[in-house]
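1. Here is my input, please return the structure:
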Amino acid sequence: MTPEIFQPTSLAGMTLPNRLIRSATHESLADASGAPGAAHEKLYTALAAGGAGAIITGYAGVQQDGKSSLMNMLMINEDSLVPAYRKLTDAVHRYGTPFILQIAHCGRQTRSAVTGMPTVAPSSLKDFIFNEERPHELSESEIEAIINSFVAAAGRAKKAGFDAVQLHLAHGYLLAGFLSSYTNRRRDRWGGSTENKFRIVSEILRRIRDADGDYPVLVKMNGFDHRRGGMRQPEAVEIARMLEASGCSAIEVSSGTVEEGLSIMRGPLFPSEALLASNFRFKSLPSALKKVLAPLIRLAMPSPKPWRGYNLDAAKAIRQAVSIPVIAVGGIHTLEGIKGVLESGTADFVSMSRPFVIEPNIVRKLQEGRQTASRCIECNYCAIMIEDGPLRCWHGRLPGSKR
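-> Below is the predicted model of the structure:
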């Protein structure tokens with residue numbers, strides 16, 4: 001039977017009003033300690049009131065050295081943060097919407113100028129984007145500490161009232177870095193074979209189960225990337241099977257790494273003006289130089305095609321390999337596209353990021369027949385400009401631009 005988009009359903013023991021999920025999206029709204037505040041409550045309650053089947057937060061850091069270089073990342077690395085999160089979950093739960101905290105460590109994809117600590121990674125491999133320093137290769141004891149930090153973060157999320165957590169295993173961040181042979185060049189028990197590369201994830205899942213019982217743990221993972229020797233679909237399928245065997249509750253399938261440019265969030269044109277206006281390397285440059293650089297950046301960083309539904313092949317392969325729910329994300333912006341994903345058996349749920357940025361009530365609009373597609377034009381300014389300010393929809397325009 002074809003799943004109904006707008007009928008109540010269940011996911012990892014949570015009751016959802018529909019099959020459309022707000023995917024994790026960094027908002028640049030936390031305070032200096034990484035705590036959520038009034039702006040988060042306003043955003044998340046708008047998403048809940050707008051009909052989102054479930055809400056996954058922007059990523060929350062489990063350790064200071066894994067904090068994002070983007071502005072004002074959420075953190076979940078201290079017990080003192082729990083009361084602020086409890087206030088937030090109480091507000092969202094008044095709408096009956098399941099609320100999931102994404103927990104992450106940014107690994108080498110951050111800056112020590114922001115974290116105040118050296119960057120770390122599975123192997124000491126410099127990043128194309130975050131290339132100010134070579135990351136420190138994690139020691140055995142440091143890996144153990146990171147595992148325990150993820151477990152502690154999940155415990156804090158449970159105390160704060162979140163219905164589940166989602167481990168960020170995608171987009172080149174630390175756990176994705178362990179899973180990819182491009183970034184994991186280790187010769188010890190944390191590298192080499194797929195089983196060894198997966199060990200850090202299996203340990204996190206096992207220890208969360210030991211500490212918190214059947215508390216749901218979802219993951220966001222790459223179905224593939226474009227790095228030489230990196231993640232490819234057959235290995236992603238193998239990892240998905242390992243995730244199910246390790247007690248994972250559901251898998252959201254994404255792709256790509258930050259150093260691949262717009263592979264993660266695709267669109268017809270790289271937003272070079274946004275990059276030049278917000279990125280720490282470029283924003284202080286003279287305007288005349290920025291005009292010269294803009295077309296060169298667009299040439300150097302093209303957005304790969306297809307621009308819509310680019311993770312669906314990987315999602316379908318993973319869904320055919322596991323019995324736990326699979327969530328598809330990535331350029332699924334129309335009602336027809338959503339129906340196609342569910343009717344074809346490609347995935348059990350659809351998640352979206354950018355459509356919720358421009359229209360927090362997009363689900364309600366689709367359900368009531370007011371729209372058949374998101375108004376998002378896939379300019380990706382929202383994804384770039386969060387380096388310099390809070391999340392918002394720019395609809396393809398920068399202040400003072402003529403675009």
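
2. what about Leu175, helix or strand, and which?
-> Element membership for Leu175 (DSSP states H and E) is helix 174-179.

3. what comes into contact with that helix?
-> Applying C-beta atoms under 8 Å, 6 or more residues apart in numbering, the external contacts of helix 174-179 come out as 66, 104-108, 120-122, 146, 167-170, 183-184, 190-191, 197-198, 200-201, 204, 221-222, 231, 239, 257. C-betas here are computed from N, CA, C, even on glycine.

4. do the same with stretch 150-165
-> With contacts defined as C-beta under 8 Å, 6+ apart, stretch 150-165 is touched by 12, 14, 54, 60, 62, 76-77, 79, 81-82, 85-86, 88-90, 93, 98-103, 105, 167, 204, 207-208, 211-212, 215-218, 249.

5. got the CA coordinates for the helix or strand of the chain with the lowest mean pLDDT in CSV?
-> Ranked by mean pLDDT, DSSP states H and E, the weakest helix or strand in the chain is helix 287-300, scoring a mean of 88. What follows is helix 287-300, C-alpha atoms only, in CSV (Å, rounded to 0.1, in the frame of the first residue of the first chain):
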residue,chain,number,x,y,z
SER,A,287,34.4,45.6,-3.8
ALA,A,288,36.3,46.0,-7.1
LEU,A,289,38.2,42.8,-6.4
LYS,A,290,35.0,41.0,-5.4
LYS,A,291,33.5,41.8,-8.8
VAL,A,292,36.4,40.2,-10.5
LEU,A,293,36.3,37.1,-8.3
ALA,A,294,32.6,36.4,-8.5
PRO,A,295,32.5,34.9,-12.0
LEU,A,296,35.8,33.0,-11.4
ILE,A,297,34.3,31.4,-8.3
ARG,A,298,31.2,30.3,-10.2
LEU,A,299,33.5,28.7,-12.8
ALA,A,300,35.6,27.0,-10.2
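
6. packing partners for it?
-> Contacts defined by 3 or more C-beta pairs under 8 Å, 6 or more residues apart in numbering; DSSP states H and E place helix 287-300 against helix 272-278.

7. Keeping just the C-alphas, turn the helix it packs on into PDB.
-> Output in PDB follows, covering the C-alpha atoms of helix 272-278 (Å, rounded to 0.1, in the frame of the first residue of the first chain):
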ATOM      1  CA  SER A 272      29.500  33.600  -5.300                       C
ATOM      2  CA  GLU A 273      28.200  37.100  -4.200                       C
ATOM      3  CA  ALA A 274      26.900  35.600  -1.000                       C
ATOM      4  CA  LEU A 275      30.300  33.800  -0.400                       C
ATOM      5  CA  LEU A 276      32.200  37.100  -1.000                       C
ATOM      6  CA  ALA A 277      29.900  39.000   1.300                       C
ATOM      7  CA  SER A 278      30.000  36.600   4.200                       C
END
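
8. That helix - what's its average pLDDT?
-> When pLDDT is averaged over helix 272-278, the result is 91.

9. And for stretch 113-128?
-> Here stretch 113-128 scores 95 as its mean pLDDT.

10. Quick one: end-to-end length of that stretch, please.
-> 17 Å (C-alpha to C-alpha, to the nearest Å).

11. what about Glu259, neighbour count?
-> If you count neighbours by other C-beta atoms under 10 Å, Glu259 ends up with 18.

12. And for it, nearest residue in space, chain neighbours not counted?
-> With C-beta to C-beta, 6 or more residues apart in numbering as the criterion, Glu259 has its nearest non-adjacent residue at 4.0 Å, and that residue is Phe128.

13. Let's verify that neighbour: helix, strand, or coil?
-> coil (DSSP: H, G, I helix; E, B strand; the rest coil).

14. Quick check: it vs Ser141, distance?
-> Distance of Phe128 to Ser141, computed by C-beta to C-beta, to the nearest Å: 29 Å.

15. Equivalent analysis for Asn361, please.
-> For Asn361, the distance to Ser141 (C-beta to C-beta) stands at 48 Å.

16. ok, those two, which is more surrounded?
-> Neighbours of Asn361 and Ser141, each counted by other C-beta under 10 Å, are more numerous for Asn361; the result is 17 against 8.

17. Quick check: the more buried one touching Ala48?
-> No - assessed by C-beta atoms under 8 Å, Asn361 is found out of contact with Ala48, at 10.1 Å.

18. Need the overlap of contacts for the two.
-> With C-beta under 8 Å, 6+ apart as the test, Asn361 and Ala48 reach no residue in common.

19. follow-up on the earlier one: what does the least confident helix or strand of the chain contact?
-> Taking C-beta under 8 Å, 6+ apart as the rule, helix 287-300 contacts 269-270, 272-273, 275-276, 282, 285.

20. contacting residues around Ala236?
-> So Ala236 contacts 221-224, 253, 314, 317-318 (C-beta under 8 Å, 6+ apart).

21. picking up where we left off before, tell me which of the contacts of stretch 150-165 fall in helices.
-> Of these, the ones assigned to helices by DSSP state H are 82, 85-86, 88-90, 93, 204, 207-208, 211-212.
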